[in-house]
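Visitor: I need the structure of the sequence given here:
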Amino acid sequence: MLSIEHLTVEVDDKRILNDVNMFIGEGETHALFGPNGSGKSSLLFTMAGVPKYKVKSGKITFKGKDITDAPMDERAKMGIGILFQHPPVLRGVKLNDMVKVSMEQLNHKKVSDQDVAELARKLNLENFLSRDVNLGFSGGEIKRSELLQLLAQRPDLVLLDEPDSGVDLVNIGLVGNTINELLQKDKKTVHRSKSGLIITHFGNILDYVKADKAYVMMKGTVLCQGNPVELLDDIRHRGYSECLSCLNR
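Guide: Now for the predicted structure:
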């Protein structure tokens, strides 16, 4: 579904990603580990098409089409959705209206407020629909708001930037279940058409969402890849120091 080949990216003439390679097949869920400042979020922003992330070399292919220079809205229409770690507050835009627009674009028909409320109920957000998007929301409420918008959008590729950060123990299971729904985890692997890339610093979300493959990124480079459980276990026991030693060889 998505292929990244020798991707090098700059922001304000500063290199932040260097020769990144990655392939996510249809129906697969991948995880991306790395310390703060390693380039994980920058990779997701580049994949989503955020304008300030300038591709200097390499290629991004989605559904067989080269999207390296495609604008953000075109990528969204093709089926790429993103959960930002720190999304903006949208003053004057009600959460109900935001979700309704996405549902109508997906279903190609008018959607009622009741339809929106039923979807919001899955994330315990019925009482937030009349509020401006993310205004005055807690960290966990913002995550659920972002997930609600993704449920309305139903993207083919879900990019999740630290979906477990700021989420309390009461709601982490709810967040995990919603991600599983987005990624069609109720279906057998061969019948899934949705794919995902999950950035996680501590790996807590992987107790709820099973990943097929994982990568470790440091200093803008993917150092290794492998079994998510084994890589996360190594990181939890040894930290990233061993990965850093590989980078310096």
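Visitor: Now Cys114: which helix or strand?
Guide: Check again: residue 114 is Gln, not Cys. Element membership of Gln114, judged by DSSP states H and E, is helix 113-121.
Visitor: Can you show me the CA trace of that helix as CSV?
Guide: Listed in CSV are the C-alpha atoms of helix 113-121, where the atom choice follows Å, rounded to 0.1, in the frame of the first residue of the first chain:
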residue,chain,number,x,y,z
ASP,A,113,-26.9,15.0,13.8
GLN,A,114,-28.2,11.7,15.2
ASP,A,115,-25.8,9.8,13.0
VAL,A,116,-22.9,11.9,14.3
ALA,A,117,-24.1,11.4,17.9
GLU,A,118,-24.2,7.6,17.4
LEU,A,119,-20.6,7.6,16.1
ALA,A,120,-19.5,9.9,19.0
ARG,A,121,-21.0,7.6,21.5
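Visitor: Contacts made by whichever helix or strand comes after that helix with the rest, please.
Guide: From helix 113-121 onward toward the C-terminus, using DSSP H and E, the following helix or strand is strand 132-133. Counting by C-beta atoms under 8 Å, 6 or more residues apart in numbering, strand 132-133 makes contact with Val89, Leu90, Arg91, Gly92, Val93, Lys94, Leu95, Met98, Ser145, all of which sit outside it. The C-beta positions use only the backbone N, C-alpha and C, and glycine is treated the same way.
Visitor: List the contacts of the helix holding Gln114.
Guide: Leu95, Asn96, Val99, Lys100, Met103, Glu126, Phe128, Leu129, Leu148, Leu151, Ala152.
Visitor: circling back to that earlier point, in TSV: the contacts of strand 132-133, plus pLDDT.
Guide: Shown next, in TSV, are the contacts of strand 132-133 (pLDDT from 0 to 100):
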residue	pLDDT
Val89	91
Leu90	93
Arg91	95
Gly92	94
Val93	95
Lys94	96
Leu95	96
Met98	94
Ser145	95
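Visitor: Wasn't Lys185 part of a strand?
Guide: No. Assessed with DSSP: H, G, I helix; E, B strand; the rest coil, Lys185 is coil; it does not lie in a strand.
Visitor: Pick out the most distant pair among the contacts of strand 132-133.
Guide: In the contacts of strand 132-133, two members sit farther apart than any others by C-beta to C-beta. They are Gly92 and Ser145, at 15.8 Å.
Visitor: quick one, which of the two is more surrounded?
Guide: Neighbours were counted for Gly92 and for Ser145 using other C-beta atoms under 10 Å; Ser145 has more, 24 against 8.
Visitor: correct me, but Ser42 touches Lys54?
Guide: No. With contact defined as C-beta atoms under 8 Å, Ser42 does not reach Lys54; the gap is 11.2 Å.
Visitor: Looking at the two now, which is surrounded by more residues?
Guide: Neighbours around Ser42 and Lys54, counted as other C-beta under 10 Å, are more numerous at Ser42. The numbers are 19 against 13.
Visitor: can you tell me which residues contact that one?
Guide: Contact analysis of Ser42 by C-beta under 8 Å, 6+ apart lists Val9, Val11, Ile16, Leu17, Tyr53, Gly220.
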